[in-house]
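1. Got a predicted model here, sequence first, then my questions.
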Amino acid sequence: MSAAPIRVLVVDDEPDIVALVAYHLAKEGYRVATASDGHEALQIARREPPSLVVLDLMLPGMSGFEVLQQLRAGEATRSVAVLMLTARKEEQDRIEGLSLGADDYLTKPFSPQELVLRVGAILRRVSAASAPPTDRMTIGPIVIDRVGHRVLVDGAEIELTPTEYKLLLTLAERRGRVLSRSHLLETVWEAAPDIQTRTVDMHVQRLRSKLGDAGDVVETVRGFGYRLRVESGARA
């Protein structure tokens, strides 16, 4: 018995955009639902949560930011992946979308082929990050031994402090997702998120240095935080 098609919800108040996106996603085998405003989108998402939402930022009545906030606040929808799709190109909009939990950001005008590729990449990242935990995680040349609290690069063990290990593990467990500095402070250091400190940045620099050539797997998302890049073949 074949697996059910992955469900994607497209939210935009421009009928031509909705039709274009829905056509190309359906052609790739996705089951597509559509909504023209935020209230309708939330009703659909709560009734039958999709795997991913393609979400316009400028919607009538309720902005895409508000829709994203409500998706992340709902128990049934908080893990739904979100690709922001908008004509607004300002960096602050992108940062705000990522800080609210968007998985990626694509500006209009856009290539339908690129959108389809980004949807597939997001879904692969989410699937990898949500895989059941095992004793070992492998990301490219990096192996994290959860039981032994050890990290190996190309088979050789590297010495990490407990904080550096926890930082790497936190990024690895959510690989592909952007984590803000405040989130990392709360999770790794158990510190109040409003503390203004460069502690995270300094630890990331030291972690990258110790990982050597593999350190570039830890990506900086300018103005927001960090993300562990998903390597082909990465597994938990």
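-> Perfect, I can see it now. Numbers count the residues shown, from 1 in each chain.
2. Domain-wise, how is the protein divided?
-> For the chain, automatic domain parsing gives the domain ranges 7-129, 136-228.
3. what's the spacing between residue 24 and residue 117?
-> 10 Å (C-beta to C-beta, to the nearest Å). (C-beta placed from N, C-alpha, C; glycine too.)
4. more crowded one of those two?
-> Per other C-beta atoms under 10 Å, whichever of residue 24 and residue 117 has more neighbours is residue 24, with 17 against 12.
5. Spatially nearest residue to the more buried one, not counting backbone neighbours?
-> Excluding its sequence neighbours, the residue lying closest to residue 24 (C-beta to C-beta, 6 or more residues apart in numbering) is residue 112, at 4.2 Å.
6. what's the neighbour count on the one you found?
-> Neighbour count of residue 112, defined by other C-beta under 10 Å: 13.
7. Pull up the gap between it and residue 78, please.
-> From residue 112 over to residue 78 the distance is 28 Å, taken as C-beta to C-beta.
8. which strands and helices sit next to the biggest helix by length in the chain?
-> Counting by DSSP state H, the longest helix found in the chain is helix 112-129. Helices and strands touching helix 112-129, by 3 or more C-beta pairs under 8 Å, 6 or more residues apart in numbering; DSSP states H and E, are helix 15-27, strand 52-56, strand 81-86, strand 104-107.
9. so where's the chain shaky on pLDDT?
-> Flagging of the chain using pLDDT under 70 yields the residue ranges 1-4, 89, 128-134, 191-197, 231-236.
10. show me where it has strands.
-> Listed in chain order, the strands found in the chain under DSSP state E are 7-11, 31-35, 52-56, 81-86, 104-107, 136-139, 142-145, 150-153, 156-158, 179-180, 218-221, 225-228.
11. Was I right to think residue 87 contacts residue 107?
-> Yes. Residue 87 is within contact range of residue 107, at 6.8 Å (criterion: C-beta atoms under 8 Å).
12. What count of nearby residues applies to the nearest residue to residue 206 once chain neighbours are set aside?
-> Distance criterion C-beta to C-beta, 6+ apart; nearest residue to residue 206, sequence neighbours excluded, is residue 164 at 6.5 Å. Using other C-beta under 10 Å, residue 164 is surrounded by 19 other residues.
13. check contacts around residue 164.
-> Counting by C-beta atoms under 8 Å, 6 or more residues apart in numbering, residue 164 touches 203, 206-207, 210.
14. residue contacts, residue 32?
-> The contact partners of residue 32, taken as C-beta under 8 Å, 6+ apart, are 7-10, 21-22, 25-26.
15. what does residue 179 give?
-> Residues near residue 179 by C-beta under 8 Å, 6+ apart: 170-171, 187, 225-227.
16. Top of these by number of neighbours, please.
-> The residue in the contacts of residue 179 with the most neighbours, by other C-beta under 10 Å, is residue 171 (26 neighbours).
17. ok, that residue - contacts?
-> 179, 218, 226-228.
18. Which two of the residues you listed have the greatest separation?
-> With distances taken as C-beta to C-beta, the most widely separated pair in the contacts of residue 171 is 179 and 218, at 10.6 Å.
19. any residues in contact with both of those two?
-> Common neighbours of residue 179 and residue 218 (C-beta under 8 Å, 6+ apart) are 171, 226-227.
20. quick check, nearest of these to residue 121?
-> Nearest to residue 121 among the shared contacts of residue 179 and residue 218 is residue 227, at 12.6 Å by C-beta to C-beta.
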